[in-house]
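Engineer: Have a look at this prediction, sequence included:
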Amino acid sequence: MNLRQLEILRAVMRTRSTIAAAQDLGMSQPAVSNAIKNAESSLGFLLFERVSKRLIPTQEAQILLEEAEPLFMMQEKVNQTAAHLRTGRKGRMRIVATSELSESLLPQVVAHFLRGHAGVEVSLETQRLDNLLEYVETGIADIGFAMEPHPRRTLEYLPLAMLDMVCACHTDSPLSALDFVTPVDLIGHPLINARTSSRISNLVEDAFRKSNAPYSPGIDVRFMNVAGHFVEEGLGVTIMDELTASSRRYSALKSIPLKPHLQVTMSAIVSSQRLQQRLTKAIIAHAREEVRRRLRTADTQAR
């Protein structure tokens, strides 16, 4: 018997009538009767006996339905899962991001996302940029977040914001009193370099070169958020993006506008070979809104 025949058997056993069963199932009465007859023919035994114009299930039918009950429970679970997937209350979201965004952006984004998608499993991997691109490219991650990623033809880059680069110094530094900082102002201050992206590093080095200021970092780290923690320890100054600088993880870091004006692009990264799913689109929307909110807040505080 297939699942539809079992559903019909179950409905007739519950109602004791092919007419009532047909109404419950949205079928015609003849279709229900034919389904029962075909099932009995295939099985080789009766499923119902007619007593006083009512259908009484045989013992064989009762045993058969008891065995089939787990199937109905499984079907209900599948239907429920489908409903949850349709409304975004079930699924998985595999995210990969560089360390800066894992610390300064993703906690807030995931928090907003899960308020509307309770039940979705979320995982976050923190990787350097090259690994991040490979994770998205190979399908290990559904989406990546990074600044100035290298172009790859198999990936699609969805810009979320243009971020200003700023000078980050300790709140006790003499630089914190300046309205803006130039590379020349940083001569004599220990520099901390962050190798988040070669494109960002080249942008910063080029700005120093055009200003005739040496760029000779004494400390080299992988990520800008790590450079920020080094700044708080009084080890020097660094150039970082304004979003990372606005992280609540810092308590003794001051960000100062940088001249010349440098900007970097922060993007969500997805595979160009796969369709974006509802959950992916939702988390991109939350990320874009969180960045806007943070930058508005930072701008208001600066004024």
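Structural biologist: Perfect, I can see it now.
Engineer: how about the helices in the stretch 1-150 of the chain?
Structural biologist: Remark: helices assigned in the stretch 1-150 of the chain by DSSP state H, counting those that start in this stretch are 3-15, 18-25, 29-43, 59-87, 99-104, 106-116, 129-138.
Engineer: ok, residues contacting the third one?
Structural biologist: To tie it back to what came earlier, the one meant is helix 29-43. Helix 29-43 is contacted by residues 1, 4-5, 8-9, 11-12, 18-19, 21-22, 25, 46-48, 60 when judged by CB atoms under 8 Å, 6 or more residues apart in numbering. The C-beta positions use only the backbone N, C-alpha and C, and glycine is treated the same way.
Engineer: That helix: how far from the chain's middle?
Structural biologist: 49 Å (CA atoms, centre = their mean, to the nearest Å).
Engineer: angle of that helix against helix 3-15?
Structural biologist: 110 degrees (axes from the mean of the first three to the mean of the last three CA atoms, to 10 degrees).
Engineer: Same check on the last one?
Structural biologist: Here helix 129-138 runs at an angle of 70 degrees relative to helix 3-15 (the same axes, to 10 degrees).
Engineer: tell me which residues of helix 129-138 are tucked away?
Structural biologist: Within helix 129-138, the residues that count as buried by 16 or more other CB atoms under 10 Å are 129, 132-133, 135-137.
Engineer: ok, the residue lying closest to residue 29 once chain neighbours are set aside - contacts?
Structural biologist: Ranked by CB to CB, 6 or more residues apart in numbering and with sequence neighbours excluded, the top spatial neighbour of residue 29 is residue 22, at 4.5 Å. Applying CB under 8 Å, 6+ apart, we find residue 22 in contact with 28-29, 31-32.
Engineer: Drop anything exposed from the residues you listed.
Structural biologist: Counted by 16+ other CB under 10 Å, the contacts of residue 22 give residue 32 as buried.
Engineer: Make CSV from the contacts of residue 22 and add distance to residue 227 and pLDDT to it.
Structural biologist: What follows is those, written out as CSV (distance: CB to CB, whole Å; pLDDT from 0 to 100):
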residue, distance to residue 227, pLDDT
28, 74, 93
29, 77, 92
31, 72, 92
32, 73, 91
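Engineer: Redo the contacts of residue 22 as CSV? Include distance to residue 177.
Structural biologist: Formatted as CSV, the contacts of residue 22 follow (distance: CB to CB, whole Å):
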residue, distance to residue 177
28, 86
29, 89
31, 85
32, 86
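Engineer: Great, nothing more from me.
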